[in-house]
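Enquirer: here are the coordinates; sequence isn't available:
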Ligand code: NAD
Ligand code: G6P
Ligand code: MN
């Protein structure tokens with residue numbers, strides 16, 4: 001049986017424990033030979049690495065498991081590299097959210113000014129990291145979900161134009177499909193979606209029943225109108241995520257054609273959202289007080305006790321399982337359908353070819369084959385052309401060290417939308433990102 005070598009970049013991430021457990025749960029269908037965690041932060045990586053040693057000692061002793069800060073040791077011989085780095089860490093995420101909100105505009109991890117701020121940091125760190133990976137693992141598949149995925153995907157498209165083994169992906173479209181299955185009372189894998197957009201800015205046009213071919217979207221629309229919308233794993237979510245999913249009902253009341261991605265709320269209701277977010281306690285603060293604390297507390301307990309016990313069975317991780325299925329689709333040339341971020345090239349007929357769009361693709365050993373969605377209506381096209389222009393301009397700013405291009409990107413964003421505000425915000429973010437952004441002149 002073929003076995004695989006996998007490296008996780010950002011081994012100290014709050015998502016790593018979910019991966020470690022999922023690699024054990026899925027070890028028959030995606031068997032690993034070697035698993036390496038790589039991180040630049042020893043203090044974050046070490047507790048998670050020790051947790052891994054205990055977990056695999058109990059349940060996967062044949063696995064060659066290593067955690068390291070050495071690139072050569074991490075990347076040599078790898079078949080797959082999963083990338084989940086957070087450039088600048090959660091502390092910088094907090095600044096990306098607090099600074100715009102302090103000026104009355106949305107502060108969010110990937111949307112608007114916060115997303116562009118994070119985007120410039122990620123361009124620097126992701127490009128550097130992928131050059132390093134390619135030194136030691138020229139043929140490895142690089143599966144990237146480091147955010148902001150839209151901006152990162154555009155930057156990687158330009159820096160590595162001939163590299164066909166870099167794949168960009170987000171879990172939010174699949175999460176929305178899972179939510180629909182909760183509403184309908186079916187298995188989410190029995191739903192066959194049609195989707196178009198950009199990362200964190202898209203819509204489902206159809207949701208077919210894979211067995212009968214019936215389009216369930218009209219039924220889903222009626223159910224959302226009556227009952228609202230919840231994440232599949234609502235019982236494990238913080239209030240802010242429940243609020244975000246709840247906004248799907250509002251969006252569909254105003255724009256009933258399609259089922260939106262949850263992130264569309266920021267683009268469609270920027271004033272409402274900005275006035276309902278707390279500038280002193282944003283999602284970054286909630287994550288640091290919640291998920292991050294839980295993960296490192298769990299590590300400390302397991303290291304102290306020297307065993308996992310029942311903790312292994314607590315909560316399965318949809319995000320990690322999705323990423324492992326993506327690797328399987330490639331490894332076994334299964335041509336499974338996944339919603340991926342790819343170069344448009346006609347998939348959305350009336351959008352520019354070189355936009356990085358998010359659509360359903362068949363995925364196999366030769367990479368993604370996007371499925372055509374045809375022409376999209378003017379309203380959606382207008383929104384997407386505006387946003388893709390921001391994403392392209394901020395990547396121009398990175399490659400050209402251009403203050404002007406960054407100012408244009410900020411001004412064009414629906415979440416800023418004013419040149420004076422854009423300049424003030426950009427100047428504040430330049431200050432906050434000293435040493436982490438390219439120099440903008
Ligand atoms: P986190 O801060 O807990 O973890 C990130 C880890 O990356 C940290 O341990 C940090 O030290 C490490 N890191 C930072 N820069 C690095 C570099 N240059 N090389 C190697 N390691 C580096 O963050 P998190 O909340 O766990 O999220 C991790 C990442 O995954 C973020 O980018 C997040 O946005 C992304 N994510 C994306 C999706 C998606 O759907 N696209 C889903 C989940 C998470
Ligand atoms: C979803 C998105 C990711 C994002 C994450 C943020 O899964 O698709 O791109 O990173 O949510 O979650 P958090 O809990 O950190 O706010
Ligand atoms: Mn995402």
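Expert: Noted; the coordinates are in hand. Note that this is a predicted model, so its numbers are computed, not measured. Ligands and ions are numbered 1, 2, ... in the order given.
Enquirer: Need the pLDDT of the residue of the stretch 51-200 of the chain found nearest ligand 3.
Expert: Closest to ligand 3 within the stretch 51-200 of the chain is residue 170: 3.2 Å, counting by Cβ to the ion. The way it works is simple: take the backbone N, C-alpha and C, and place the C-beta from them, glycine included. Looking at residue 170, its pLDDT stands at 98.
Enquirer: Next secondary structure after the helix or strand in which residue 100 is found?
Expert: Using DSSP states H and E, the secondary-structure element containing residue 100 is helix 89-102. The C-terminal neighbour of helix 89-102 among helices and strands, as given by DSSP H and E, is helix 112-136.
Enquirer: Quick check: which element contains the residue nearest to the spatial centre of the chain?
Expert: The centre of the chain sits closest to residue 170, judged by Cα atoms, centre = their mean, with a distance of 3.8 Å. Per DSSP H and E: residue 170 is located in neither a helix nor a strand.
Enquirer: Contacts made by the helix holding residue 100 with the rest, please.
Expert: 41, 86, 106-109, 112-115, 117-118, 121, 274, 277-280, 282-285, 287-288, 292, 415-416, 425, 428-429, 432-433, 436 (Cβ atoms under 8 Å, 6 or more residues apart in numbering).
Enquirer: try 6 Å
Expert: 107, 109, 113-114, 117-118, 277, 279, 282, 284, 288, 428, 432 (Cβ atoms under 6 Å, 6 or more residues apart in numbering).
Enquirer: Spell out which two among these are the most distant pair, please.
Expert: By the measure Cβ to Cβ, 288 and 428 form the most distant pair in the contacts of helix 89-102, at 21.6 Å.
Enquirer: Whatever residue of the stretch 1-150 of the chain ends up closest to ligand 2 - how many residues pack around it?
Expert: Of all residues in the stretch 1-150 of the chain, residue 147 sits closest to ligand 2, with a separation of 5.1 Å (Cβ to the nearest ligand atom). Using other Cβ atoms under 10 Å, residue 147 has 22 neighbouring residues.
Enquirer: and the closest residue in space to it that isn't next to it in sequence, how many neighbours?
Expert: In this structure, residue 147 finds its nearest non-sequential neighbour in residue 110, 5.1 Å apart by Cβ to Cβ, 6 or more residues apart in numbering. Other residues lying near residue 110 total 25 when counted by other Cβ under 10 Å.
Enquirer: wait, doesn't residue 110 sit right on residue 148?
Expert: Yes. Residue 110 is within contact range of residue 148, at 3.9 Å (criterion: Cβ atoms under 6 Å).
Enquirer: quick one: stretch 246-260 near ligand 2?
Expert: No. Applying Cβ under 6 Å from any ligand atom, one finds stretch 246-260 out of contact with ligand 2, separated by at least 13.8 Å.
Enquirer: In that stretch, which residues are buried?
Expert: Neighbour counts over stretch 246-260 (16 or more other Cβ atoms under 10 Å) mark 247, 248, 250, 251, 252, 258, 259, 260 as buried.
Enquirer: how close does the residue nearest to the fourth one when sequence neighbours are not counted get to residue 169?
Expert: What it means is residue 251. Distances taken as Cβ to Cβ, 6+ apart place residue 260 nearest to residue 251, at 4.7 Å, with adjacent residues excluded. In this view, residue 260 and residue 169 are 19 Å apart by Cβ to Cβ, to the nearest Å.
Enquirer: Would you mind listing what in this structure touches ligand 2?
Expert: So the chain meets ligand 2 at 109, 147, 170, 171, 172, 283, 287 (Cβ under 6 Å from any ligand atom).
Enquirer: Now the two most distant members of these.
Expert: Maximum distance among the residues of the chain next to ligand 2 (Cβ to Cβ): 17.2 Å, for 170 and 287.
Enquirer: Tell me who's in contact with the residue of the stretch 301-441 of the chain found nearest ligand 2.
Expert: At 6.4 Å from ligand 2, residue 319 is the closest residue in the stretch 301-441 of the chain, using Cβ to the nearest ligand atom. Taking Cβ under 6 Å, 6+ apart, we find residue 319 in contact with residue 171.
Enquirer: Likewise for residue 274?
Expert: Counting by Cβ under 6 Å, 6+ apart, residue 274 has contacts 105, 106.
Enquirer: please redo it, this time with the cut-off set to 7 Å
Expert: If you count contacts by Cβ atoms under 7 Å, 6 or more residues apart in numbering, residue 274 has them with 101, 104, 105, 106.
Enquirer: now residue 127
Expert: Applying Cβ under 7 Å, 6+ apart, the residues contacting residue 127 are 155, 159.
Enquirer: Also residue 117?
Expert: Contacts of residue 117 (Cβ under 7 Å, 6+ apart): 96, 429, 433.
Enquirer: now residue 1
Expert: residue 31.
Enquirer: what do you get for residue 52?
Expert: Per Cβ under 7 Å, 6+ apart, neighbours of residue 52: 20, 37, 65, 67.
Enquirer: Can you give the distance of the strand or helix carrying it from its chain's centre?
Expert: Using DSSP H and E, residue 52 maps to helix 42-59. From the chain centre to the centre of helix 42-59 is a distance of 24 Å (Cα atoms, centre = their mean, to the nearest Å).
Enquirer: can that helix be found next to ligand 1?
Expert: Yes. Using Cβ under 6 Å from any ligand atom, helix 42-59 reaches ligand 1 at residue 44.
Enquirer: which residues in the stretch 101-250 of the chain form helices?
Expert: 112-136, 149-159, 172-184, 217-227, 239-254 (DSSP state H, counting those that start in this stretch).
Enquirer: how big is the angle separating the fourth one from helix 239-254?
Expert: Pointing back at helix 217-227 there. 120 degrees (axes from the mean of the first three to the mean of the last three Cα atoms, to 10 degrees).
Enquirer: repeat for the longest one
Expert: Angle of helix 112-136 versus helix 239-254, following the same axes, to 10 degrees, is 110 degrees.
Enquirer: after the helix or strand that contains residue 294 comes which helix or strand?
Expert: In this structure, residue 294 sits in helix 291-305 according to DSSP H and E. Downstream of helix 291-305, the first helix or strand assigned by DSSP H and E is helix 318-331.
Enquirer: mean confidence score for stretch 407-416?
Expert: 98.
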